[in-house]
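Chemist: take this sequence and fold it.
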Amino acid sequence: MLNKKIEDAFNLQFNAEAYSAYLYLSMAAWFESRNLPGFAMWLKVQAQEEMTHALRFYNFIHARGGRVTLTAIETPPAEWNSPLQVFEETYKHEQKVTGLINNLVDLSQQEHDHASDVFLQWFVNEQVEEESNASKTVEKLKLAKDNPSALLMLDTEMGTRVFLVPPVLAPTIGFGGLGAAGAAA
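Modeler: Just a heads-up that it's a prediction; the model follows:
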């Protein structure tokens, strides 16, 4: 059984993951409006990934006898000055999410909720990847500076990213955060 403190905190994280998806869709729309479809594709895939993260929390809360409570999602920004600024904001946002996940790990350990602690370890590892991807893109954009050819090459590279539906979305998986099925996502 999920205790109320953990349930409330996980519901907040569900909302934070949904906001992340909203933020990345807003960023994708900004890139679309600047005719940079590769960057837009990368961010649309990122938004889809964030929604799968939210669904992991959704499924886990229910699997542990809790209740998901949907709340309003904050409106994300819609304008940026440059592709570099978008990815600097992405990197900062992922660092913030890492802090939120770390706080949930601390809470699960304080509450002696071992199942939640194990569930969260997937997110701890995921955040290492999320920060690394954003940081690498920031560095590539810094190298490109104001070179349109370099920006177009990066746009092409970013457009190769595709979304693969993780097992967490399959109805037979359960809450999708534990075991081999959860690790594949």
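Chemist: any idea of the mean pLDDT for the host helix or strand of S132?
Modeler: Element membership for S132, per DSSP states H and E: helix 114-144. Regarding helix 114-144, the rounded mean pLDDT is 97.
Chemist: downstream neighbour of it in the secondary structure list?
Modeler: Downstream of helix 114-144, the next assigned helix or strand under DSSP H and E is helix 148-158.
Chemist: what comes up buried for that following helix?
Modeler: Using 16 or more other C-beta atoms under 10 Å as the test for burial, helix 148-158 gives L151, L154, D155, M158. Using the backbone N, CA and C atoms, a C-beta is placed for each residue, glycine as well.
Chemist: now do the contacts for H114.
Modeler: By C-beta atoms under 8 Å, 6 or more residues apart in numbering, the contact list for H114 reads S108.
Chemist: nearest residue to the middle of the protein?
Modeler: The chain has E50 as the residue nearest its centroid, 3.6 Å off, counting by C-alpha atoms, centre = their mean.
Chemist: any idea how far N133 is from that residue?
Modeler: 13 Å (C-beta to C-beta, to the nearest Å).
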